[in-house]
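Peer 1: Mind looking at a prediction? Sequence and model below.
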Amino acid sequence: MTSETGIESGVGSRVESGIETGVGSRIETGVESGVETAPVTCGPSAAPAPRRRVPWQVIAAVAVLVGGAFVAWRHWPVIVTSAHRLADADRGWLLLGATATVATWMCAALAQQGAVAEPLPGGRLLAVQFAASAANHTLPQGIGAGAVNLRFLTRSGLPMARAATALAVKAAAGAVTRGALIAGLALTGPGLLSVPHVSPVAVAAVLLAAVALAVVPGPLRRAWRTMLADVRAVHRLPGRAAALWGGSLAFASLHALVVVAVTRSLGLPLPVFRVALAYLVASSAAVLLPTPGGIGSLDAALALALTLAGAPGGAAASVVLGYRLLTVWLPLIPGLVVLGVLVRRKVL
């Protein structure tokens, strides 16, 4: 037995030494010759790495930028004409108009925060309003800004129904404050605004629609109740209520200030209240024709209102072009870039 064990031990040791020597020599030879040896695998061959797909946020960002470039290219003659007509304008008044334009985004952010009881991230909220103002000029009136804000609110944790209600609350506050400004300016200057005749049939139709909305069951009634509940919740917080109404009032007032600053820069001797009232009435009427950003409808309405206020036709057109230059064309490309960045970072 001892001899057999010794023979097996000797044979085993020689076999193992031979295997180790052979393997080692082959590995060394492969390394020296620069040939890589494939690792030994005991299972099925590894699957190839999946190809990385382009995130949809990148596609959306590129699409937005291309759309913005197309809009700017289509209206490039308007931009050039505005620049030439305003070349001799007073720079101080134009700077005031540009400052008021920047302040409108802050007021929009303030009003949006006031329409929501929950706190929103301030920096992102301001960036979203800047981006929303640019998106609003590529889609019919209010849809672009509404879609951007709706996406931001849902990303911030609000349910879809409450986010939509917050937008409705903000829009309602904007309409009420705009009507209050029109009424106040009309009272300060008798004769500035002639109130159109309203048919009793139209008044009765509006009242019947309001009653039906409050009585008839259905999705509209539930949406109305949800909106009223959110309005009550916001007004239980004095800070939110002040932000909602103060931001909405300042937003409309600052846009009117931009028009006033452009008229002053061109040397038009029009009363400030008359110009502000002309803008508020024209912008309210332009809502009835939902063109992208009010382009076209607001331009025609504002030019007509300024002409009725006493401005010559050519000067009124220059004011409209200057207002568009400050509020639309100069911030358009930067706003779309910010929109693309927000989409890329999944803020929207």
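Peer 2: Happy to help now that I have it.
Peer 1: How many residues are close by residue 110?
Peer 2: Neighbour count for residue 110, taken as other C-beta atoms under 10 Å: 21. Bear in mind the C-beta positions are built from the backbone N, C-alpha and C, glycine included.
Peer 1: ok, now which ones touch the nearest residue to it once chain neighbours are set aside?
Peer 2: The shortest distance from residue 110 to any non-neighbouring residue, by C-beta to C-beta, 6 or more residues apart in numbering, is to residue 247 (3.4 Å). Contact analysis of residue 247 by C-beta atoms under 8 Å, 6 or more residues apart in numbering lists 107, 108, 109, 110, 111, 112, 113, 114.
Peer 1: Okay, and which of those map to helices?
Peer 2: Among these, the members falling in helices (DSSP state H) are 107, 108, 109, 110, 111, 112, 113, 114.
Peer 1: My guess is the second one contacts residue 131. True?
Peer 2: Read it as residue 108. No: contact criterion C-beta atoms under 8 Å: residue 108 and residue 131 do not qualify, at 11.1 Å.
Peer 1: ok, these two, which is more surrounded?
Peer 2: Each of residue 108 and residue 131 has its neighbours counted (other C-beta under 10 Å); residue 131 has more, 29 against 26.
Peer 1: neighbouring contacts of the helix or strand containing that one?
Peer 2: Using DSSP states H and E, residue 131 sits within helix 122-135. Contact with helix 122-135 is made by 64, 68, 104-106, 108-109, 112-113, 144-145, 147-149, 152, 331-332, 334-336, 338-339, 342, 347-348, as judged by C-beta under 8 Å, 6+ apart.
Peer 1: If we use 6 Å, what do you get?
Peer 2: 105, 108-109, 144-145, 148-149, 152, 332, 335-336, 338-339, 342, 347 (C-beta atoms under 6 Å, 6 or more residues apart in numbering).
Peer 1: buried sites along the very next helix or strand once past it?
Peer 2: Remark: after helix 122-135, the chain's next helix or strand is helix 143-155, criterion DSSP H and E. The neighbour-count check on helix 143-155 (16 or more other C-beta atoms under 10 Å) flags 144, 145, 146, 147, 148, 149, 150, 151, 152, 153 as buried.
Peer 1: got it, and stretch 338-348?
Peer 2: By 16+ other C-beta under 10 Å, the buried positions in stretch 338-348 come out as 338, 339, 340, 342, 343, 347, 348.
Peer 1: do you know how far the last one is from residue 168?
Peer 2: Translated: residue 348. 20 Å (C-beta to C-beta, to the nearest Å).
Peer 1: what's the answer for the first one, then?
Peer 2: When distances are taken as C-beta to C-beta, residue 338 and residue 168 turn out to be 25 Å apart.
Peer 1: next one: the fourth one
Peer 2: In this structure, residue 342 lies at 23 Å from residue 168, with C-beta to C-beta as the measure.
Peer 1: Next: the fifth one.
Peer 2: Taking C-beta to C-beta as the criterion, residue 343 is separated from residue 168 by 24 Å.
Peer 1: that older thread, where does the residue nearest to residue 110 sit, in terms of helix or strand?
Peer 2: helix 238-265.
Peer 1: ok, and for the next helix-or-strand element following that helix, which residues are buried?
Peer 2: Using DSSP H and E, the helix or strand that follows helix 238-265 in sequence is helix 272-286. Neighbour counts over helix 272-286 (16+ other C-beta under 10 Å) mark 273-286 as buried.
Peer 1: buried set for the helix or strand just after helix 272-286?
Peer 2: On the C-terminal side of helix 272-286, the closest following helix or strand by DSSP H and E is helix 297-308. By 16+ other C-beta under 10 Å, the buried positions in helix 297-308 come out as 297, 298, 299, 301, 302, 303, 304, 305, 306.
Peer 1: Show me what helix 297-308 is in contact with.
Peer 2: By C-beta under 6 Å, 6+ apart, the list of residues contacting helix 297-308 reads 278, 281, 282, 285, 286, 289, 291, 313, 316, 317, 319, 320.
Peer 1: okay, those residues in a markdown table with distance to residue 121 and pLDDT next?
Peer 2: Formatted as a markdown table, these follow (distance: C-beta to C-beta, whole Å; pLDDT from 0 to 100):
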| residue | distance to residue 121 | pLDDT |
| --- | --- | --- |
| 278 | 37 | 92 |
| 281 | 36 | 91 |
| 282 | 35 | 90 |
| 285 | 36 | 83 |
| 286 | 32 | 80 |
| 289 | 35 | 68 |
| 291 | 32 | 63 |
| 313 | 47 | 78 |
| 316 | 42 | 86 |
| 317 | 41 | 83 |
| 319 | 37 | 91 |
| 320 | 36 | 90 |
